[in-house]
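S.K.: Quick one: sequence and predicted model below, then my questions.
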Amino acid sequence: MNESDLKRGSILCCKLRIFEHTGIYVGNGMVVELHGSGVIRLVNFHQFVRQGRQIYVACHPQDGELADESTAQNAEAQIGKRWGYHLVQNNCHRFTYGCLSENFRSQVNLFWKLEEGIRQKYQLNTAIYWRPLFKHR
């Protein structure tokens, strides 16, 4: 899978040291993320992965990407807003879940909770397959 195959609203993930970082793909090689500064930003893949990391996209094991236009629109509507960022309590997983659910005040602040929320939204009774997109250099 490569960038041209991605759908708007896809949920992306990359590994940063010991943590996962998540965001929403909105097209044209751009991702909306909650940055550690607390600003919701529109960034390219290089900025999202913070150099040389693998990017993964959330998929159904048989049916492909888990994505929808409303998720992309929710992410785009947040660009430029400031959040009181906290590594554990108010982070990128909470932002990503908010884009999926339109509930930006949720308690989804851990990667496994985000996965649970993704499974609920897309009515999956199986694990999410995190398909490697590509390694960005």
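M.R.: Yep, that arrived.
S.K.: Residue 28: neighbouring residues, count only.
M.R.: Neighbour count for residue 28, taken as other Cβ atoms under 10 Å: 9. Quick note: C-beta positions are derived from backbone N, CA and C, even for glycine.
S.K.: host element of residue 133?
M.R.: Element membership for residue 133 (DSSP states H and E) is strand 129-135.
S.K.: That strand: partners in the sheet, and parallel or antiparallel?
M.R.: Here strand 129-135 is paired, per DSSP bridges, with strand 54-60 (antiparallel).
S.K.: tell me the mean pLDDT over the partner strand?
M.R.: Looking at strand 54-60 alone, the average pLDDT works out to 93.
S.K.: ok, the helix or strand following it: who's next to it in the sheet?
M.R.: Counting by DSSP H and E, the next helix or strand C-terminal to strand 54-60 is strand 64-65. The strands beside strand 64-65 in its sheet (DSSP bridges) come out as strand 54-60 (antiparallel).
S.K.: Show residues contacting the strand it pairs with.
M.R.: 1, 6, 10-15, 25, 45, 48-49, 65-66, 118, 122, 124, 126, 128-136 (Cβ atoms under 8 Å, 6 or more residues apart in numbering).
S.K.: now swap in stretch 67-83 and tell me
M.R.: Contacts of stretch 67-83 (Cβ under 8 Å, 6+ apart): 6-11, 23-27, 32, 34, 38-42, 90, 95, 98-100, 102, 104.
S.K.: Any of the contacts of strand 54-60 buried? List them.
M.R.: Neighbour-count burial (16 or more other Cβ atoms under 10 Å) applied to the contacts of strand 54-60 gives 6, 10-14, 25, 45, 48-49, 65-66, 118, 122, 124, 128-130, 133, 136.
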